[in-house]
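**Q** need the 3D shape of this:
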Amino acid sequence: MPTNRRIGIIDIGSNSIRLVIYEFLPTQAYRVIGEFKQSARLSQLIGEDNELPANAILSLIDTMKHFKQICDAYSVTELRAAATAAVRNASNSAQIIDSLRRESGLEVELLSGDDEARIGFLGMIHALDIPDGMLVDIGGGSTEVTFFREPAACPQRLLPVRSRQYDAEIFVRRQFYARADPRHP
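**A** As a prediction, the model looks like this:
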């Protein structure tokens, strides 16, 4: 059994579900000891009624159970799971979160767009030494833009930006209209 603290973080994204396992060292440093990814394409599975269908929820539950088993094998003592845009924007998001809790035993935090941007921003400023700038986090179901100046002293500013899913819908509509009326832009 490892003596260093190990935590697992599960990110339920719109395109994939990721598990990263960290080990914290006595020197206050950490290292990644495991990374796992499962394709999900949740945003593409959302139906016309804006619901994630039952079979997709069951597949998500299976992935969470599998990731939990991996965490057990790695002797993870703390596990956090968070869902982002695809689950957040689904009309049955409460049912999805409840099903994940009941069936996998994991409490899944549903992140707001602001929380998602803030967490991405915090990860960036801890990895890079940049005093000011703009962070663009392009996900499968949302895009967050964060402007910052001296990040340790100033909070970020968030701007809503359309997602790739929305852009794909616009592209399909334009292709449809282009076939119907070649003069349409």
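
**Q** for residue 56, see how far away residue 87 is.
**A** 10 Å (Cβ to Cβ, to the nearest Å). All C-beta atoms are positioned from the backbone trio N, CA, C, and that covers glycine.

**Q** give me the more crowded residue out of the two.
**A** Shown here are residue 87 and residue 56; by other Cβ atoms under 10 Å, residue 87 has more neighbours (27 against 20).

**Q** mutual contacts of residue 87 and residue 56, please.
**A** residue 42 (Cβ atoms under 8 Å, 6 or more residues apart in numbering).

**Q** didn't residue 111 look like it was pressed against residue 86?
**A** No - with contact defined as Cβ atoms under 8 Å, residue 111 does not reach residue 86; the gap is 11.4 Å.

**Q** how far away is residue 26 from residue 148?
**A** 32 Å.

**Q** compare neighbour counts for these two and give me the winner.
**A** Neighbour count, other Cβ under 10 Å: between residue 26 and residue 148, residue 148 has more, with 20 against 8.

**Q** and the helix or strand containing residue 80, which strands flank it?
**A** Per DSSP states H and E: residue 80 is located in strand 78-83. If you go by DSSP bridges, strand 78-83 pairs up with strand 6-12 (parallel), strand 108-110 (parallel).
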